[in-house]
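1. Fold the stuff below for me.
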Amino acid sequence: MGRLSSVLLKGLGALVLVAVVLSVVGTIVGIALSLIAAVLSLVLTLAVLSVIALAAVGLLSLFGSDSSAGSGADTPAENRPDPEDRVRSRYVDGDLDDEAFERELERVLDAEDRSTRPGVDGSRTGSPAGERDRLRDR
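-> All right, here's what the predicted structure looks like:
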């Protein structure tokens, strides 16, 4: 074996060594990239599942049967009938005569006057009869 064969053998050995090193580096890079992809996939999956879970909880709270759903405690004030409207509807239905209507309306207006104007002595500037006539004409 001459010098040429020795150089060729060394060159072939170096070429095999480079191929092995490149395959090891490629494998390590592939493993690292697959780990990054797995972590990103896990994060994305958890984000989608949390959105689905929050949507389910929202739908359950919106459409779920609640024991207090029928009570007036959770009903907004604009959905509850006004006390004046209730007295007026009872009068229109014939449940109250003129005198009972006036008494009930005065009681409701006095209670409303006290609750809506704290710090005022409770006396109205207008006459109660004028207030009743105005409400009756509505």
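
2. Distance check, residue 44 against residue 37.
-> As defined by Cβ to Cβ, to the nearest Å, residue 44 lies at a distance of 10 Å from residue 37. C-beta: built from backbone N, CA, C; applies to glycine.

3. what about the helices in the protein?
-> Listed in chain order, the helices found in the chain under DSSP state H are 3-63, 83-93, 98-116, 128-137.

4. chain center to the second one, what's the gap?
-> For helix 83-93, the separation from the chain centroid amounts to 37 Å (computed by Cα atoms, centre = their mean, to the nearest Å).

5. Buried residues, that helix. List them.
-> When burial is assessed from 16 or more other Cβ atoms under 10 Å, helix 83-93 yields the following buried residues: 87-88, 91.

6. Contacts only, for the residue positioned nearest the centre of the chain.
-> Using Cα atoms, centre = their mean, the residue of the chain that lies closest to the mean C-alpha position is residue 58, 6.5 Å off. Contact criterion Cβ atoms under 8 Å, 6 or more residues apart in numbering gives no residues in contact with residue 58.
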